[in-house]
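Student: quick one, structure for this:
(4 chains)
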There are 2 protein chains.
Amino acid sequence: MRSKIKIIVADDHAVLRAGLKLLLNNETDFIVVGEASDGEDVLTLLEKTNADVLIIDLSMPNMGGLECIKEIKSRGYPIKILVLTMYEDEQYIKEAMRSGALGYVEKHAVDTELFIAVKAVHMGQRYLNPHNSQLLLNSLLTTTPKENADNPYTLLSPREREVLKYIVRGYSMSQIGKMLCLSVKTVDTYKTRMMEKLGLTKKSQLVDYALKYDLLPAKSE
Amino acid sequence: MRSKIKIIVADDHAVLRAGLKLLLNNETDFIVVGEASDGEDVLTLLEKTNADVLIIDLSMPNMGGLECIKEIKSRGYPIKILVLTMYEDEQYIKEAMRSGALGYVEKHAVDTELFIAVKAVHMGQRYLNPHNSQLLLNSLLTTTPKENADNPYTLLSPREREVLKYIVRGYSMSQIGKMLCLSVKTVDTYKTRMMEKLGLTKKSQLVDYALKYDLLPAKSE
DNA sequence: GTTGATGTAAGATAAATTCTTACGTTATAA
DNA sequence: TTATAACGTAAGAATTTATCTTACATCAAC
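Tutor: Below you'll find the predicted structure:
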């Protein structure tokens, strides 16, 4: 008989935790080795407990689930994360999956779904029910290109856009001037004109604008 | 009795086209109003025929499916596109969905799945079977998160990261100071320390760093 | 053939950044 | 249990940068 999947349950509702624990321990494949009531608890637990899977709620006091997931990832714990939550919200799901969760199960799911999900993430696979998949897909796919009428490609001149890209990247006027073989003054003029055109007053707004219209530099990965 | 869903079938295999046509016409909800054997045919057909849904294969001579989908979109035809293909390939699915297809069905799917898919895309909904959803999700999600050991969450202090976020957004030292209720000097210190820690000398490098590790502000859409 | 958008730039002033140095508080390691 | 390093905080002086204004030539469009 192979060893059981060691699970930590994190949820601020003690009753739910207890229920879950019973439910899971009742299965031959699982064993709950720890409980936490908030994100900080989880982090503490992870240091002394060696578990395979973390079942975590997103809404908890102190340190919320998302933050906790990110922290776990940044600290490099190899534990697999399954989000168990009430919300069926694209934004949440997306954010959780992006943060490092492998699966997402709703609290009103039947227990067998939870079991399947735990086993899936334990093997390193993603788990999402079909409905969530559709939701997430939607949100992932619809977030791509902007097609706004007044986007920078129509409002700003080519030279201005070029300069804007450097500004967004954090270069100073003088650096940009050097790179583009222009006088600092010229670069300054472009910047001023862009702000006039767009009705902006602060550089940060320019950055936001560029961000909004995907003028971001390609991520250097 | 409400009107039938008008369908165009595009596939370079005539037998398959004929089979599909029979299959669809046999259903009370559908009627095949046109057939095309390649992408160019489709474009020609679209000008003279008024159909609701296009069932299209990706691999066709002359103009392939992907190219054809893009062309349809760029010309602004309102027809809903359902990809019907042999390939179960993440890349293809992703590309097709990104290009403007609403659904994706494999040729070895049962007919009822095809019917469901046609009805779904006709209503403007996405259709993907659960398996494809998982595949696509995987491919969409795995292109994002960094899990580097020396990412900002371990190297930089919380306060430093906070300041970094504002720097990336294009705020000036003094603006950040105001927002965070800190002296400009303090903000400056954080920035200096970050650059020391990361071995950087220019602000633009800091921005690149933040970009690389997804410290980007959420896109304000 | 004037108007408007664009690419280019300088001078003077005002503002922001950088460099250095410093200090109390926690962890943390010796 | 005391060093020691990391962190959050900040000031003064020196320097760099940005800003504001003004200017001009070109090319397209009207």
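Student: okay, now the domains of chain A?
Tutor: Chain A is divided into the following domains under automatic domain parsing: A:5-141, A:152-212.
Student: nearest to residue B:93, of the ones you listed?
Tutor: The minimum distance between residue B:93 and the domains of chain A falls on domain A:5-141, with 10.2 Å, by CB to CB. Any C-beta I mention is one placed from the backbone N, CA and C, and that applies to glycine too.
Student: ok so, going back, quick one, which of the domains of chain A gets closest to DNA strand D.
Tutor: Of all these, it is domain A:152-212 that lies closest to DNA strand D, at 2.9 Å by CB to the nearest atom of the strand.
Student: now that closest one, how far from the centre of its chain.
Tutor: 30 Å (CA atoms, centre = their mean, to the nearest Å).
Student: out of the domains of chain A, which one sits most buried?
Tutor: Of all these, domain A:5-141 has the most neighbours on average by mean count of other CB atoms under 10 Å in any protein chain shown, namely a mean of 18.
Student: all strands of chain A, in order?
Tutor: Secondary structure of chain A by DSSP state E: the strands cover A:5-10, A:30-36, A:53-56, A:80-85, A:103-106, A:127-128.
Student: any chance of the domains of chain A in CSV, plus mean pLDDT and distance to DNA strand C?
Tutor: Output for the domains of chain A, formatted as CSV (pLDDT from 0 to 100; distance: least, CB to the nearest atom of the strand, whole Å):
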stretch, mean pLDDT, distance to DNA strand C
domain A:5-141, 79, 11
domain A:152-212, 79, 3
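Student: quick one: which of the strands of chain A is nearest residue B:199?
Tutor: It is, among those and with distance given as CB to CB, strand A:80-85, at 32.3 Å.
Student: off-centre distance for the closest one?
Tutor: The gap between where strand A:80-85 is centred and where its chain is centred comes out at 14 Å by CA atoms, centre = their mean.
Student: elements contacting it?
Tutor: With contacts defined as 3 or more CB pairs under 8 Å, 6 or more residues apart in numbering or on different chains; DSSP states H and E, the packing partners of strand A:80-85 are strand A:53-56, helix A:65-75, helix A:90-99, strand A:103-106, helix A:111-122.
Student: residues in contact with it?
Tutor: Residues from elsewhere that reach strand A:80-85 (CB atoms under 8 Å, 6 or more residues apart in numbering or on different chains): A:11, A:20, A:52-59, A:65, A:69, A:72, A:92-93, A:96, A:100-107, A:114, A:117-118, A:121-122, A:124, A:127.
Student: and residue A:46, how far is that from chain B?
Tutor: 15 Å (CB to the nearest CB, to the nearest Å).
Student: hmm, residue A:72 and that residue touching each other?
Tutor: Yes - using CB atoms under 8 Å, residue A:46 makes contact with residue A:72 at a distance of 6.8 Å.
Student: who touches the residue nearest to residue A:102 when sequence neighbours are not counted in this structure?
Tutor: Excluding its sequence neighbours, the residue lying closest to residue A:102 (CB to CB, 6 or more residues apart in numbering or on different chains) is residue A:121, at 4.0 Å. By CB under 8 Å, 6+ apart, residue A:121 lies in contact with A:53, A:80, A:81, A:82, A:102, A:103, A:127.
Student: ok, residue A:121 to residue A:46 distance?
Tutor: For residue A:121, the distance to residue A:46 equals 16 Å [CB to CB, to the nearest Å].
Student: residue with max distance from the center of chain A?
Tutor: residue A:183 (41.2 Å; CA atoms, centre = their mean).
Student: that one against residue A:177, yeah?
Tutor: Yes - Residue A:183 lies in contact with residue A:177 (CB under 8 Å); the separation is 5.9 Å.
Student: phi, psi for residue A:100 please.
Tutor: Backbone torsions of residue A:100, given as degrees, to the nearest 10, read phi 130, psi 0.
Student: where's it relative to residue B:157, distance?
Tutor: Look at residue A:100 and residue B:157: by CB to CB, they are 21 Å apart.
Student: in chain A, where's the longest helix?
Tutor: Counting by DSSP state H, the longest helix found in chain A is helix A:184-198.
Student: quick one: contacts of that helix?
Tutor: Contacts for helix A:184-198 (CB under 8 Å, 6+ apart): A:155-156, A:159-160, A:163-164, A:167, A:173-174, A:176-177, A:180, A:200-201, A:203, A:205-206, A:209.
Student: stretch A:33-53 too?
Tutor: Under CB under 8 Å, 6+ apart, the answer for stretch A:33-53 is A:5-12, A:14, A:17, A:21, A:54, A:56, A:60-65, A:67-68, A:71-72, A:75, A:77, A:79-82, A:118, A:121-122.
Student: run the last query once more with 6 Å
Tutor: A:5-10, A:12, A:17, A:60-63, A:67-68, A:77, A:79-80, A:118, A:121-122 (CB atoms under 6 Å, 6 or more residues apart in numbering or on different chains).
Student: spell out which residues of chain A are next to DNA strand D.
Tutor: A:172, A:173, A:174, A:184, A:185, A:188, A:189, A:191, A:192, A:203 (CB under 7 Å from any atom of the strand).
Student: now for the residues you listed, which pair is the farthest apart?
Tutor: The distance between the two most remote of the residues of chain A next to DNA strand D (CB to CB) is 17.1 Å, for A:185 and A:203.
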